[in-house]
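Trainee: Build me a model from this:
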Amino acid sequence: MKTFNKRFLLLGAGVKMETIIMIFIVIIFFLIILLASAIKIMAEYQRIVVFRLGRLIGIKGPGLVFIIPVIDSYIKLDLRTRVIDVPKQRVITEDNVTVDVDAVVYFRIVDPEKAVVEVQRYDVATSLLAQTTLRDVLGQQDLDELLSKREELNKSLQTIIDEATDPWGIKVSAVTIRDVSLPEEMLRAIAKQAEAEREKRSRIIIADGEFQASKKMTDAAILYEKTPMAMRLRELQTLQEISREGNMIVVPSGDIGKVAGIAKAVNEKPKSKK
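Mentor: Predicted coordinates for the structure are as follows:
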């Protein structure tokens, strides 16, 4: 009986020891999981906004960050510049032309607390604001201004959107109008307008050339009138230039014609007699 009791006690002691070891292992495993969930590593461009029991306690990061599991909750944010592709918007310009315009918006988070507390889904809010602003601003412009003043419109859009997103902790660094799609009828009309403009410029250039040539010819006539020998030399020079062609004979009126005829006769080679 005593031997049985001793074996029972030893068995009970062994079971208790195994139970204690198992509990100890479970506790260590739980502590490891708890420690792993309490330690966060944030990159240089990342921040976390921490709430403790629902109250904002601040921003943490970058590097090694500790939070209290269960008690603390956090939202991770990326501070790098992000790009929003604004979908095509149907815009009616000031001169009642319908165009499709799309743009690109560049923005980044400058105040993580405001980006989390002041607005829900800051990226969606910024995108919708950009779409509305794009329609409002471009709808106040003529088609010619929309096509020719891209840089000014980009700056205007950037200023308006940046002022609206400033309370959200968002900085809009640039807005770029990427494409303006015109109806086919408007493209043909613009092509005709460009062709007419080119024709107008060509006629003006030709008329201006004729005007300048007439002025030069008038000045030359005045000089020739003062010095008749200059006029004679000019005639000789003209005949020399014509004689280079060799396919025509020009006989001008006056004495110069006689001189040209004598020169022509002297220069002709006599025909060989058979």
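Trainee: Show me what the host helix or strand of Leu233 is packed against.
Mentor: If you go by DSSP states H and E, Leu233 is part of helix 228-243. Counting contacts by 3 or more C-beta pairs under 8 Å, 6 or more residues apart in numbering; DSSP states H and E, helix 228-243 is packed against helix 184-226, helix 255-267. C-beta here means a position set from N, CA and C on the backbone, and glycine is covered the same way.
Trainee: Now render those as CSV, adding mean pLDDT and distance to Val70.
Mentor: Converted to CSV, these look like this (pLDDT from 0 to 100; distance: least, C-beta to C-beta, whole Å):
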stretch, mean pLDDT, distance to Val70
helix 184-226, 81, 63
helix 255-267, 51, 117
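Trainee: Out of those, which gets nearest to Ile28?
Mentor: helix 184-226 (74.2 Å; C-beta to C-beta).
Trainee: With just CA atoms, put stretch 58-67 into CSV.
Mentor: Extracted in CSV, the C-alpha atoms of stretch 58-67 (Å, rounded to 0.1, in the frame of the first residue of the first chain):
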residue,chain,number,x,y,z
GLY,A,58,0.4,61.6,-31.8
ILE,A,59,2.6,60.5,-34.7
LYS,A,60,5.4,57.9,-34.5
GLY,A,61,8.1,56.9,-36.9
PRO,A,62,10.3,56.4,-38.7
GLY,A,63,12.4,53.6,-37.3
LEU,A,64,11.5,51.2,-34.3
VAL,A,65,8.1,52.0,-32.8
PHE,A,66,6.4,50.5,-29.8
ILE,A,67,2.7,50.3,-29.3
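Trainee: buried sites along that stretch?
Mentor: Using 16 or more other C-beta atoms under 10 Å as the test for burial, stretch 58-67 gives Lys60, Gly61, Val65, Ile67.
Trainee: Spell out which residues make up each domain of this protein.
Mentor: Using automatic domain parsing, the domains assigned to the chain come out as 7-77, 82-182, 199-240.
Trainee: Can you flag the weakest of these by average pLDDT?
Mentor: Note on the domains of the chain: lowest mean pLDDT is at domain 199-240, with a mean of 79.
Trainee: For the domains of the chain, state which one has the densest average packing.
Mentor: Using mean count of other C-beta atoms under 10 Å, the stretch among the domains of the chain with the largest mean neighbour count is domain 82-182, at a mean of 17.
Trainee: which ones are touching Val99?
Mentor: By C-beta atoms under 8 Å, 6 or more residues apart in numbering, the contact list for Val99 reads Arg90, Val91, Thr93, Leu143, Leu146, Val180, Ser181, Leu182, Pro183.
Trainee: that's a strand at Trp106, yeah?
Mentor: One correction, residue 106 is Tyr, not Trp. Yes - under DSSP: H, G, I helix; E, B strand; the rest coil, Tyr106 sits within a strand.
Trainee: Arg82 is in contact with that one, correct?
Mentor: Yes - if you go by C-beta atoms under 8 Å, Tyr106 and Arg82 touch, sitting 7.4 Å apart.
Trainee: quick revisit: may I see the domains of the chain organised as JSON lines, with distance to Arg188 added?
Mentor: Supplementary listing: these in JSON lines, determined by distance: least, C-beta to C-beta, whole Å:
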{"stretch": "domain 7-77", "distance to Arg188": "50"}
{"stretch": "domain 82-182", "distance to Arg188": "10"}
{"stretch": "domain 199-240", "distance to Arg188": "17"}
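Trainee: what's the closest of these to Ala189?
Mentor: That would be domain 82-182 among the domains of the chain, by C-beta to C-beta, at 9.3 Å.
Trainee: can you give me the end-to-end distance of the closest one?
Mentor: This stretch, domain 82-182, spans 29 Å end to end (C-alpha to C-alpha, to the nearest Å).
Trainee: can you give me the helices in the stretch 1-150 of the chain?
Mentor: Taking DSSP state H, counting those that start in this stretch as the test, the helices found in the stretch 1-150 of the chain are 2-38, 112-117, 122-138, 143-148, 150-165.
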